[in-house]
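Colleague: Need the 3D shape of this:
(2 chains)
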Amino acid sequence: MIEELLIPDSFLQCVDPRVKLIGLLVFSIVVAVSYRFATLVTALFGSLIILLPARVPLKEICKRLIPVNILIILLWLTLPFTVKGDPLFFLGPLAATRAGGLYAAQISIKSNAMMLMFIAVIASTRIFTIGHAMHKLGVPTKLVQLFFFTFRYIHVIYREYLRLVNAMKIRGFAPRTNLHTYKTFAYLVGMLLVKSSDRAKRVHNAMLCRGFNGRFYSLSTFSMTKKDLFVFLLIISFIIILGVMEWTGIIL
Amino acid sequence: MHISEGILSPGILAAGAVLTAAGVIIGLKKIDTEEIPSVGIMSAAFFVASLVHVPIGPASAHLILNGLLGLILGWQAFPAIMTGLLLQALLFQFGGITSLGVNTFNMAFPAIVCFYMFGWCIRSNRNRALFIMASFGSGFFAVFFSAILVALSLYLTGEAFLPTSKLILAAHLPVMFIEGGLTSICALFLKSVKPDLLECNADAF
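Modeller: This next block holds a predicted model:
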């Protein structure tokens, strides 16, 4: 099933979600435009320190870093041979360069630092809370509503999909590389769309009957406490330090 | 198809974010308040379809279906695809925040292009052969353009990415044909089972 990663009762969970989202956004942008190793390594350590109190199990963290690092492995296999510079060693006719290796290392640290911070935030915030926080931060109402509906329906449609797949399996369907398989999958997607659209109409009518006027009301209100302000200042000052390291080179 | 965080250059990331913002604003203008649930359903169906793996010889590929989404939603595909990608990032960590703009543009822009290239054939309702060819084309070219955009965004980040870009293009070659075939069969199915799904955006022209 599709489940969100949510670790209850962590320190980060009590922080105002708006603070976390803004912090994550600014942090990601600053790290994305940074190139110096000192900055990137500091960012990586910062992410790890913030991830610690979120108490995400190590297995989960590793599992969630896999998609990022698959592409990075591909880059390690190609970049050393394509970036021009002093050759470090030769592999047949190919010369591996120091500059290429450094470039790949830089991307690896950068990507993982950003992903660790991302995991720290999502592990401590519900997706619905993220939606409400986006609304409070000025994201267009229609987009936030689309976000809510999509998230709600992913589970419904996924269950529908599992049902259809079960029905196919019961009838002895085994996927192979042939036209029959592709036809079956095309019908599966088509049926998924038909069922989904019928369900959308039914749900919308039901919502209209219950007086839906295009607005979502949140029972939880966000309030900035002194603690939130403190965390916000802490995050912002960390990001400023990263910025100073990157652009002036004063530290290190 | 996702480019993960920390790889692209700041210029490409900014360009992707600006273009996607423009596309999403146009898309949101074309969504009436009462249409939001149905666009959300389509966006969720697109999300689930990307979890479906079809076998290609010894390997397998997941469906992308941005061509089909473009045919059904038109400009609304922009916000729908962005929402789908945002949720993929939140739930599975595919992609991320700073690369959301580029990733959305790479998938949604080809969907819009195919909507304008083939949408009229799909709706003209005259010739079956034309219908099959147009729906195949939209599935095929949506993936084709997306692969080119992904390769281009990597290449523009640095020439050192050229082999990776080529590899990505080559890997998507079989996917294009499969997406084309699947889109074509699926569109035929929808035409006979629920034709109004393919026509709901006829007024968008």
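Colleague: alpha carbons only for contacts and neighbour counts from here, please
Modeller: Fine.
Colleague: need the contact list for B:V48.
Modeller: A:154, A:157-158, A:161 (Cα atoms under 8 Å, 6 or more residues apart in numbering or on different chains).
Colleague: now with 7 Å?
Modeller: By Cα atoms under 7 Å, 6 or more residues apart in numbering or on different chains, B:V48 lies in contact with A:154, A:158.
Colleague: What pLDDT does the model give it?
Modeller: Per-residue confidence (pLDDT) for B:V48: 91.
Colleague: cool, and A:I50?
Modeller: Reported pLDDT for A:I50: 88.
Colleague: which is the next helix or strand following the helix or strand hosting it?
Modeller: A:I50 is part of helix A:37-51, with elements assigned from DSSP states H and E. Toward the C-terminus, helix A:37-51 is succeeded by helix A:58-82 as the next helix or strand (DSSP H and E).
Colleague: Skip ahead from that following helix and say which helix or strand is next.
Modeller: With DSSP H and E setting the assignment, the helix or strand that follows helix A:58-82 is strand A:87-91.
Colleague: Who are the contact partners of residue 89?
Modeller: As the question left the chain open, I've gone with chain A. By Cα under 7 Å, 6+ apart, the neighbours of A:F89 are A:95-96.
Colleague: try again with chain B
Modeller: Shown in contact with B:A89 (Cα under 7 Å, 6+ apart): B:95-96.
Colleague: okay, the angle between the helix or strand that contains it and helix A:58-82?
Modeller: In this assignment (DSSP H and E), B:A89 forms part of helix B:77-92. In terms of direction (axes from the mean of the first three to the mean of the last three Cα atoms, to 10 degrees), helix B:77-92 departs from helix A:58-82 by 120 degrees.
Colleague: Which strands and helices lie in contact with the next helix or strand after helix B:77-92?
Modeller: Using DSSP H and E, the helix or strand that follows helix B:77-92 in sequence is helix B:100-124. Under the contact criterion of 3 or more Cα pairs under 7 Å, 6 or more residues apart in numbering or on different chains; DSSP states H and E, helix B:100-124 touches helix B:10-29, helix B:66-73, helix B:77-92, helix B:128-157.
Colleague: How far off centre is the helix holding B:A89?
Modeller: Helix B:77-92 sits 11 Å away from the centroid of its parent chain (Cα atoms, centre = their mean, to the nearest Å).
Colleague: ditto for stretch A:28-46
Modeller: 18 Å.
Colleague: Please apply the same query to stretch A:131-151.
Modeller: The answer for stretch A:131-151 is 16 Å, by Cα atoms, centre = their mean.
Colleague: same question for that stretch, mean pLDDT?
Modeller: Mean predicted confidence for stretch A:131-151 is 91.
Colleague: And for A:S111, nearest residue in space, chain neighbours not counted?
Modeller: For A:S111, ignoring the flanking residues on the chain, the nearest one in space by Cα to Cα, 6 or more residues apart in numbering or on different chains is B:G6 at 4.4 Å.
Colleague: Tell me which residues touch that neighbour, please.
Modeller: By Cα under 7 Å, 6+ apart, the neighbours of B:G6 are A:32, A:107, A:110-111.
Colleague: Around the nearest residue to B:L90 once chain neighbours are set aside, how many other residues sit close by?
Modeller: The shortest distance from B:L90 to any non-neighbouring residue, by Cα to Cα, 6+ apart, is to A:I122 (6.8 Å). By the measure other Cα atoms under 10 Å in any protein chain shown, the count of residues near A:I122 is 25.
Colleague: Same question for the one 4 residues further on.
Modeller: Look at A:R126: counted by other Cα under 10 Å, it has 18 neighbours.
Colleague: neighbours of the residue nearest to it when sequence neighbours are not counted, just the number please.
Modeller: Spatially, and ignoring its direct neighbours in sequence, A:R126 is nearest to A:L6 (6.8 Å; Cα to Cα, 6+ apart). Counted with other Cα under 10 Å, residues neighbouring A:L6 total 19.
Colleague: Would you confirm that A:L6 contacts A:A123?
Modeller: Yes: if you go by Cα atoms under 7 Å, A:L6 and A:A123 touch, sitting 4.6 Å apart.
Colleague: looking at chain B, which residue ends up farthest from its center?
Modeller: Residue farthest from the centre of chain B, counting by Cα atoms, centre = their mean, is B:A160 at 26.9 Å.
Colleague: Roughly how far does that one sit from A:T82?
Modeller: B:A160 is 5 Å from A:T82, where distance means Cα to Cα, to the nearest Å.
Colleague: next one: A:L21
Modeller: 37 Å.
Colleague: can you give me the strands in the stretch 101-250 of chain A?
Modeller: Applying DSSP state E, counting those that start in this stretch to the stretch 101-250 of chain A gives no strands.
Colleague: How far away from the center of its chain is stretch B:142-161?
Modeller: Using Cα atoms, centre = their mean, the offset of stretch B:142-161 from its chain centre is 15 Å.
Colleague: now do stretch A:152-163
Modeller: That offset, for stretch A:152-163, works out to 21 Å (Cα atoms, centre = their mean).
Colleague: same question, stretch A:41-59
Modeller: 15 Å.
Colleague: What of stretch B:15-24?
Modeller: Centroid separation for stretch B:15-24 versus its chain: 15 Å, with Cα atoms, centre = their mean.
Colleague: can you check stretch A:181-195 too?
Modeller: Centroid separation between stretch A:181-195 and its chain, computed with Cα atoms, centre = their mean, is 28 Å.
Colleague: And that stretch, what's buried?
Modeller: A:181-194 (16 or more other Cα atoms under 10 Å in any protein chain shown).
Colleague: just these that are near chain B?
Modeller: Contacts with chain B within the buried residues of stretch A:181-195, counted by Cα under 7 Å from any Cα of the partner chain: A:182-183, A:186-187, A:189-190, A:193-194.
Colleague: Out of the residues you listed, which comes closest to B:L190?
Modeller: A:G190 (6.2 Å; Cα to Cα).
Colleague: Next up, the contacts around the closest one.
Modeller: Contacts of A:G190 by Cα under 7 Å, 6+ apart are B:186, B:189-190.
Colleague: Please repeat the previous calculation with a cut-off of 10 Å.
Modeller: By Cα atoms under 10 Å, 6 or more residues apart in numbering or on different chains, the residues touching A:G190 are A:184, A:196, B:182-183, B:185-191, B:193-194.
Colleague: PyMOL command to pick out the buried ones of these?
Modeller: Command for PyMOL that selects the buried part of those, burial taken from 16+ other Cα under 10 Å:
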select buried, (chain A and resi 184+196) or (chain B and resi 182+183+185+186+187+188+189+190+191+194)
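Colleague: Thanks a lot, see you next time.
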